[in-house]
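>>> Sequence below, structure please.
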Amino acid sequence: MRLDVLLARAAERLARAGSPSPRLDAEVLLCHVLGVERTWLYTWGDRPAATYARARFEALVAARAAGHPVAYLTGEREFWGLALATSRHTLIPRPDTETLVEVLLELAPEPSGRLLDLGTGTGAIALAFASERPGWETLGVDRVPEAVALAESNAGRLGIANARFLLSDWFAALSGERFTLIAANPPYIDAGDPHLAQGDVRFEPSSALVAAEDGLADLRHLAEQGMGHLLAGGWLVLEHGHGQAAAVRGLLEAGGYVAVASRRDLGGWERVTFGRRPCQR
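Numbering: from 1, shown residues only. As a prediction, this is how the structure comes out:
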């Protein structure tokens, strides 16, 4: 069977299974099997599929049709132009989180400083920032040992030398440490949210998704504890759900942060909220 025919049939199957991006999913999976770029498929689609490659590809398509995330099937996801290895111990990096990176870069015009990425997972936020600010010291922490190991591996593979990673449950291992910027994409989904039964999140670790208090428990904790780990004039930058911006602004304002504001993601939702530790404190 020709590759383009194999690809078309796979896309049709994924569309019937409810994939929101069936053609893209099929192309990414086939490129993973063949070890080629997507542009190669358009140039050489008339080539026959080798028996082994076809069998492997169809197995991956079946897994995707059953709902398994493409990033877990290929073991990789691109974020901020960086090819990051993924695992079932971490969240899959998403385009919405690039909004948080954009905010961090805007708040970091200086050639040097210290960034803390809480709940780093794959290291996506820390590594994206570190790649753009090589003069900064970047630290990512996570309470899951496998996540820390994965982030370290991603940093080494990408050659990003100004990022390091540490095992810590939020600020637990950071006594006395202060930073210019603190960033986090914490759990913020309520346990009863129906979206937890849909899409990729069904396969992602619930501990990285779900928080108590209608999804605000971890955001509240970070707002309360963040002030004590910021340098004067430093910023706390938090990603949250699209309906939580007002609540998160309230948490920051109640905690004494100033210049509190929110930023919209590419979909137009208020996705990131940030506030500053007053310079006199």
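>>> list the helices and strands the one helix or strand R13 maps to packs on?
Using DSSP states H and E, the element containing R13 is helix 3-17. Using 3 or more Cβ pairs under 8 Å, 6 or more residues apart in numbering; DSSP states H and E, the elements in contact with helix 3-17 are helix 22-34, helix 38-44, helix 51-65. C-beta: built from backbone N, CA, C; applies to glycine.
>>> now that helix and helix 51-65, what's the angle there?
20 degrees (axes from the mean of the first three to the mean of the last three Cα atoms, to 10 degrees).
>>> What residues of stretch 201-218 count as buried?
By neighbour count on 16 or more other Cβ atoms under 10 Å, the buried set for stretch 201-218 is 201, 204-205, 208-211, 214-218.
>>> and the helix holding R13, how far out from the chain's middle?
Mean-position distance between helix 3-17 and its chain equals 28 Å (Cα atoms, centre = their mean, to the nearest Å).
>>> tell me the angle it makes with helix 22-34.
Using the same axes, to 10 degrees: helix 3-17 against helix 22-34 is 130 degrees.
>>> Go through helix 3-17 and flag the buried ones.
So helix 3-17, judged by 16+ other Cβ under 10 Å, has buried residues 3, 6-7, 10-11, 13-15.
>>> can you tell me which of those lies nearest to P145?
L14 (34.1 Å; Cβ to Cβ).
>>> and the closest residue to the closest one other than its chain neighbours, how many neighbours?
The shortest distance from L14 to any residue other than its chain neighbours is 3.7 Å, reached at P22 (Cβ to Cβ, 6 or more residues apart in numbering). Other residues lying near P22 total 20 when counted by other Cβ atoms under 10 Å.
>>> Next up, the contacts around P22.
11-15 (Cβ atoms under 8 Å, 6 or more residues apart in numbering).
>>> Helices of this protein, residue ranges please.
3-17, 22-34, 38-44, 51-65, 70-74, 98-106, 124-132, 145-158, 212-215, 217-226, 245-254 (DSSP state H).
>>> Mind giving me the packing neighbours of the last one?
This points to helix 245-254. Where contact means 3+ Cβ pairs under 8 Å, 6+ apart, helix 245-254 is packed against helix 217-226, strand 258-264, strand 270-276.
>>> Pull the contacting residues for the nearest residue to L167 once chain neighbours are set aside.
Excluding its sequence neighbours, the residue lying closest to L167 (Cβ to Cβ, 6+ apart) is V148, at 5.2 Å. Going by Cβ under 8 Å, 6+ apart, V148 touches 120, 140-142, 165-167.
>>> got the domain boundaries for this structure?
3-67, 76-276 (automatic domain parsing).
>>> Now render the helices and strands packed on helix 3-17 as CSV, adding mean pLDDT and distance to Y72.
Formatted as CSV, the helices and strands packed on helix 3-17 follow (pLDDT from 0 to 100; distance: least, Cβ to Cβ, whole Å):
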stretch, mean pLDDT, distance to Y72
helix 22-34, 96, 12
helix 38-44, 90, 19
helix 51-65, 95, 9
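>>> circling back to that earlier point, closest to L30 among the buried residues of stretch 201-218?
Comparing the buried residues of stretch 201-218 against L30 with Cβ to Cβ picks out E204 as the nearest, at 23.9 Å.
>>> so what's the closest residue in space to that closest one that isn't next to it in sequence up against?
Take E204 and drop its neighbours on the chain: the residue closest to it by Cβ to Cβ, 6+ apart is L91, 5.5 Å away. L91 makes contacts with 121-122, 185, 204-205, 208-209, as judged by Cβ under 8 Å, 6+ apart.
>>> among these, which two are most distant?
Within these, T122 and L209 form the most distant pair, 14.8 Å apart (Cβ to Cβ).
>>> CA atoms only: put the biggest strand by length in the chain into CSV for me.
Counting residues, the longest strand in the chain under DSSP state E turns out to be strand 230-239. The C-alpha trace of strand 230-239 is given here as CSV (Å, rounded to 0.1, in the frame of the first residue of the first chain):
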residue,chain,number,x,y,z
LEU,A,230,10.4,36.6,45.7
LEU,A,231,13.0,39.3,45.7
ALA,A,232,11.7,42.8,46.1
GLY,A,233,10.1,43.8,42.8
GLY,A,234,9.9,40.2,41.7
TRP,A,235,6.9,38.7,39.9
LEU,A,236,4.7,35.6,40.5
VAL,A,237,3.2,34.3,37.2
LEU,A,238,0.5,31.7,37.3
GLU,A,239,-1.4,29.7,34.6
